[in-house]
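> I'll drop the sequence and a predicted model, then ask my questions.
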Number of protein chains: 2
Amino acid sequence: MEKHSLGARTLLFPTPVLLVGTYDRQGKPNLMNAAWGGICNSQPPCMCVSLRKATYSHGAISERQAFTVGIPSESLIKQADYVGITSGRNVDKFAETGLTPVKSDLVDAPYAAEIPFILECRLIQTHEIGSHTQFIGEIVDVKADPAVLDDDGLPDILKIKPLLFDTAHRGYYGVGPFQGQAFSVGKG
Amino acid sequence: MEKHSLGARTLLFPTPVLLVGTYDRQGKPNLMNAAWGGICNSQPPCMCVSLRKATYSHGAISERQAFTVGIPSESLIKQADYVGITSGRNVDKFAETGLTPVKSDLVDAPYAAEIPFILECRLIQTHEIGSHTQFIGEIVDVKADPAVLDDDGLPDILKIKPLLFDTAHRGYYGVGPFQGQAFSVGKG
C-alpha cells in the first residue's frame, strides 16, 4: 500500500532522553531534558545536543564550554520529566527534585549522583542550524554506577533501563527484549 | 557507591538504527546502517547522520546533496544488519536483501518500500568532526505505511517496532512498555 505523507516534521523512533548538566554564571548547577542529540563521532568520541537559544542551559554551555549528559533510569522518570518542563532561570532543579549535584572532575559541569550513566563533555564545536544550536562535545570520560556494569566492565542496557522518547505521542518507553546481535544477524 | 570511570568512549543508551538511503554517481541505490544520528533541529525540522569518509554513502550524499533515513521494524533486522556489514562499493544491497528501491519524489535519494517509516532529507550543512562527517539534512517530508499510523494520523511507536542499538554489547533491542507521558509525569 502507498505510504502516507505526514509533512515536514520532527518524527523519529526512538529518540533518547538526555539529561544535560551545566553550571550557570553564578555556579548554580542545572539539568535539562533533551531528545535532540546522540553520538556524532567515533575518534575522538563526541556527543551532540541541540538546544533552543532561549533555554537557560544554552547560555550555560556557551559560558562554561562544557556539559554532561546523563541517562536516567526508568525509576527517575518524574525527575527527568520535571527538568524538561521547568527552567533553571526560575528554579533550582536539583533542590526541587532532590537530586545531588556532583562536580565533574574533568569538565566544568555537574551531573546528578543518582543518574547511573554519565558522559562528561568538553565543547569543541557549535553550529547554528535554525531554531536550535547544536553543541558538539568531546566525551572526555564515561562514568557509570557499578550496579549497571556487567562482568566485562561494560554497561548493560537492561541494567541502566534508559528511557526512550516517542516524538509522535510524547510518551516515555522502556527498552524491550533483545532482538539479535549486530554485525552478525545479517550474515548469510 | 562511587561511579566507575570507563574512559572516553562512544557509549550511549539508546542509539537508533537508521537506514540511510542514497544514489551513487551512476544512480545505483544504496542503504547503510548508522547509529550516530538523530533529530537536531525543530524549525526547520532537521536530521543529522554521521558517516566515516571511507563509506560509499559518504560520497553519495556529498554528490547528490540528499539522503533518506528509514526506520526498520524488528522484522527487518537481518536486512538492517546486512546493509551495515557490506559496502555499496562491492554489492547491490537492494538486490541482495530483496528490498525494493523507491525514488523519493522530493529529494534525489531512494528508500526501501518495505521500511515502514521514512524521512526524506535535503542536505543543508556538512561538518567535519574527526573520524566522521556529520551531514545535516532538512526533513522535507515524512512518509509512513498506513499500518503504523494511529487513528490520529500519527505514527505509533509500538506499530513501527523500531530497533535500538546497544553501543556497549552491540545488540539490537526492541521498544519496551510505556512508562509515562512526557511534559506531564513530572508535574507536581
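That came through fine.
> hey, what's the nearest residue to A:Lys53 once chain neighbours are set aside bridged with?
Nearest non-adjacent residue to A:Lys53, counting by CB to CB, 6 or more residues apart in numbering or on different chains: A:Thr133, 6.1 Å away. Using the backbone N, CA and C atoms, a C-beta is placed for each residue, glycine as well. Assessed by DSSP bridges, A:Thr133 has beta-bridge partners A:Leu51, A:Glu128.
> and whatever helix or strand A:Ile118 lives in, average pLDDT?
A:Ile118 is part of strand A:117-128, with elements assigned from DSSP states H and E. Averaging pLDDT along strand A:117-128 yields 98.
> can you show me the CA trace of it as CSV?
Presented in CSV, the C-alpha positions along strand A:117-128 are these (Å, rounded to 0.1, in the frame of the first residue of the first chain):
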residue,chain,number,x,y,z
PHE,A,117,25.3,6.6,33.5
ILE,A,118,27.1,9.9,32.7
LEU,A,119,29.1,11.3,29.8
GLU,A,120,31.4,14.3,30.6
CYS,A,121,31.8,16.6,27.5
ARG,A,122,34.1,19.4,26.6
LEU,A,123,32.6,21.8,24.0
ILE,A,124,34.5,21.6,20.7
GLN,A,125,32.1,22.9,18.0
THR,A,126,28.9,25.0,18.0
HIS,A,127,26.6,25.0,14.9
GLU,A,128,23.6,27.3,14.3
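> on that earlier part again, for the residue nearest to A:Lys53, give me its contacts.
A:Ser50, A:Leu51, A:Arg52, A:Lys53, A:His58, A:Thr126, A:His127 (CB atoms under 8 Å, 6 or more residues apart in numbering or on different chains).
> repeat the analysis, applying 7 Å as the threshold.
By CB atoms under 7 Å, 6 or more residues apart in numbering or on different chains, the contact list for A:Thr133 reads A:Ser50, A:Leu51, A:Lys53, A:His58, A:Thr126.
> also A:Glu96?
So A:Glu96 contacts A:Tyr82 (CB under 7 Å, 6+ apart).
> got it, and A:Gly171?
Shown in contact with A:Gly171 (CB under 7 Å, 6+ apart): B:Phe178, B:Gln181, B:Ala182.
> quick one: which of those residues is the most crowded by neighbours?
Highest neighbour count within the contacts of A:Gly171: B:Ala182, with 23 neighbours (other CB atoms under 10 Å in any protein chain shown).
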